[in-house]
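A.B. asks: Got a predicted model here, sequence first, then my questions.
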Amino acid sequence: MISQEELFKLFSETRADSEKICSYLETEDYVVQPVVDISPPKWHLGHTTWFFEEFVLKKYQKDYKLFDENSAYVFNSYYESVGEKVIRTDRGNLSRPTVDWVYKYRNYVSNALSKFLSTSKDLSEDILKVIEIGCHHEKQHQELLLTDIKYILGKNPLLPEYNQQFEENIIQNFPKDWIKISEGIYEVGHKGGSFAYDNEFGRHKTYLNDFEISNKLVTNAEFLEFMKAGGYEDVLLWHAEGWDWINTNGIKAPFYWHKIEGQLHQYTLQGLQKLNPDAPLAHISYYEAFAFAQWKRMRLPTEFEWEIAQEHFEWGSRWEWTESAYMPYPNYQKADGALGEYNGKFMVNQKVLRGSSVATSTKHSRPTYRNFFHPHLRWQFTGLRLVK
Ligand code: AVJ
Ligand code: FE
């Protein structure tokens, strides 16, 4: 269990990291919501603050005075049991509260929570745990901040850069190889002893058949071969849903690819760049990952194959689509009360992604981490690794 002092440090660092991410933005960038899945940066900053106010200060700090009675209405994301909220599609329609107001709100709550942590004697494990979840929650939103900023700037016809220092493309400069894993009974899930979300607990046994997994992520060059071979036009490679999705949306390439005067380019957080064939592929849907693997006459790993094999390969620059449906582990126990809404209620119709990405916050990745998204979504740094 994390100590009160360690938690104080984690809290301070985490709060500062979110503001660092936003320090490269102009005020106007904070408010835009181009599509429903993307939230305005201002909303992320407020929502992560509201989380500490709602689940910690309001409950445990005696005589805590809310910064503003309306914060819950504006910044509650999806906690139905907490009360009314702004509908998700309206997050970008709110010019008020202002960016300036949100920073004042952050300061107020950061100060109150720091004081609570540094002056309360012997806080219970339950309270420390909620604050710890609040920190990791904010780290999840740091990744969403970066990917939402990328969407906001990348959908702007001027294609402005976010930050010249942000390197997305970490090239894997080693020879391709296949890692053999033998059939057998393996244990998967988090062991406990350090932080993990409820969806990782319930360590349990699983049977794996023999398989071989690539030591490298699929690159842009490999995906280009699929495109040149007519992969997007070959119905036999696609799920029915995937085929409908590419045709309804006119999809013929990964997200953020642009053809300019015959040359393939890619929008990155550093701005528009020539597509680097050696870079790991990014911004594909599960449907595209699946079709590519079909074309290779291979497949995606299951989440458990990935978890068992991961110690033998390099990972961490792309979220890797797996073949696994996002389901509860056999002994899954969701948290009591409103925090029970955190993960469990999303365990239907989504796919698990494993690993982490260039946008993942520091100290926020581990081999048992289960990310999850609907199969068509591709604004995260998603890629794939093959299994045969
Ligand atoms: C795990 C990334 C799918 O985006 O809703 C943020 C993270 N959970 N606030 C999401 C999350 C609560 C979650 N994902
Ligand atoms: Fe959230």
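C.D. replies: Looks like it arrived, so ask away. Note that the structure is predicted; figures quoted are calculated from it, not measured. Ligands and ions are numbered 1, 2, ... in the order given.
A.B. asks: from here on, contacts and neighbour counts on C-alpha atoms
C.D. replies: Noted.
A.B. asks: dump the residue contacts of the residue of the stretch 151-300 of the chain found nearest ligand 1.
C.D. replies: Minimum separation of the stretch 151-300 of the chain from ligand 1 (Cα to the nearest ligand atom) falls at Tyr197, amounting to 9.8 Å. By Cα atoms under 8 Å, 6 or more residues apart in numbering, the contact list for Tyr197 reads 133, 369.
A.B. asks: do you know how far it is from Phe8?
C.D. replies: 20 Å (Cα to Cα, to the nearest Å).
A.B. asks: likewise Gly383?
C.D. replies: Gly383 is 35 Å from Phe8, where distance means Cα to Cα.
A.B. asks: more neighbours, these two?
C.D. replies: Per other Cα atoms under 10 Å, whichever of Gly383 and Phe8 has more neighbours is Gly383, with 27 against 20.
A.B. asks: mind listing the strands in the stretch 251-388 of the chain by residue range?
C.D. replies: Per DSSP state E, counting those that start in this stretch, the stretch 251-388 of the chain carries strands over the ranges 257-260, 263-268, 271-274, 319-325, 351-355, 371-373, 382-383.
A.B. asks: Using CSV, write out every CA atom in the fourth one.
C.D. replies: Translated: strand 319-325. Extracted in CSV, the C-alpha atoms of strand 319-325 (Å, rounded to 0.1, in the frame of the first residue of the first chain):
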residue,chain,number,x,y,z
TRP,A,319,-1.2,0.3,-27.9
GLU,A,320,-1.5,-3.2,-29.4
TRP,A,321,-4.9,-4.4,-30.5
THR,A,322,-5.6,-7.9,-29.3
GLU,A,323,-8.1,-10.5,-30.4
SER,A,324,-9.7,-10.5,-26.9
ALA,A,325,-13.0,-9.1,-26.0
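A.B. asks: picking that back up, reformat the strands of the stretch 251-388 of the chain as TSV; add distance to ligand 1 and mean pLDDT.
C.D. replies: Below are those laid out as TSV (distance: least, Cα to the nearest ligand atom, whole Å; pLDDT from 0 to 100):
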stretch	distance to ligand 1	mean pLDDT
strand 257-260	23	96
strand 263-268	20	98
strand 271-274	24	98
strand 319-325	11	98
strand 351-355	9	99
strand 371-373	5	98
strand 382-383	12	98
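A.B. asks: Next, format those strands as JSON lines and append distance to Glu132.
C.D. replies: Shown next, in JSON lines, are these (distance: least, Cα to Cα, whole Å):
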{"stretch": "strand 257-260", "distance to Glu132": "38"}
{"stretch": "strand 263-268", "distance to Glu132": "32"}
{"stretch": "strand 271-274", "distance to Glu132": "35"}
{"stretch": "strand 319-325", "distance to Glu132": "24"}
{"stretch": "strand 351-355", "distance to Glu132": "21"}
{"stretch": "strand 371-373", "distance to Glu132": "18"}
{"stretch": "strand 382-383", "distance to Glu132": "27"}
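A.B. asks: Now for Ile246, how many residues are close by?
C.D. replies: So Ile246, with other Cα under 10 Å, has 18 neighbours.
A.B. asks: Any chance you could list what contacts whatever helix or strand it lives in?
C.D. replies: In this structure, Ile246 sits in helix 240-249 according to DSSP states H and E. Helix 240-249 is contacted from outside by 232, 235, 251-252, 287-288, 376, using Cα under 8 Å, 6+ apart.
A.B. asks: Out of the residues you listed, who's the most crowded?
C.D. replies: Most surrounded of the contacts of helix 240-249: other Cα under 10 Å gives Glu288, at 29 neighbours.
A.B. asks: got the phi/psi numbers for His47?
C.D. replies: Per-residue torsions, His47: phi -60, psi -40 (degrees, to the nearest 10).
A.B. asks: ok, it touching Phe75?
C.D. replies: Yes: between His47 and Phe75 there is a contact under Cα atoms under 8 Å: 4.6 Å.
A.B. asks: so who does Arg15 touch?
C.D. replies: Counting by Cα under 8 Å, 6+ apart, Arg15 touches 110, 138.
A.B. asks: repeat for His47
C.D. replies: Contacts of His47 (Cα under 8 Å, 6+ apart): 75-77.
A.B. asks: Now render those as a markdown table, adding distance to ligand 1, neighbour count and secondary structure.
C.D. replies: Output for those, formatted as a markdown table (distance: Cα to the nearest ligand atom, whole Å; neighbours: other Cα atoms under 10 Å; DSSP: H, G, I helix; E, B strand; the rest coil):
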| residue | distance to ligand 1 | neighbour count | secondary structure |
| --- | --- | --- | --- |
| Phe75 | 11 | 22 | helix |
| Asn76 | 10 | 23 | coil |
| Ser77 | 8 | 19 | coil |
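A.B. asks: so how many other residues sit close to Leu217?
C.D. replies: Leu217 has 23 nearby residues by other Cα under 10 Å.
A.B. asks: typo on my end, Glu222
C.D. replies: 15.
A.B. asks: Got phi/psi on Asn343?
C.D. replies: Torsion angles, degrees, to the nearest 10, at Asn343: phi -120, psi -40.
A.B. asks: What residues does the stretch 1-150 of the chain have near ligand 1?
C.D. replies: With Cα under 6 Å from any ligand atom as the criterion, the stretch 1-150 of the chain meets ligand 1 at residues 137, 140-141.
A.B. asks: Just these: which are in helices?
C.D. replies: Residues of these located in helices (DSSP state H): 137, 140-141.
A.B. asks: Who wins on neighbours among these?
C.D. replies: Going by other Cα under 10 Å, His141 tops these with 21 neighbours.
A.B. asks: How about that residue, nearest residue that isn't a chain neighbour?
C.D. replies: Counting by Cα to Cα, 6 or more residues apart in numbering, His44 is the residue found nearest to His141 once chain neighbours are left out, at 6.5 Å.
A.B. asks: The most far-flung residue of the chain relative to its centre and Leu158: what is the separation?
C.D. replies: No residue in the chain sits farther from the centre than Asp63, which is 35.5 Å out by Cα atoms, centre = their mean. The gap separating Asp63 from Leu158 is 49 Å, by Cα to Cα.
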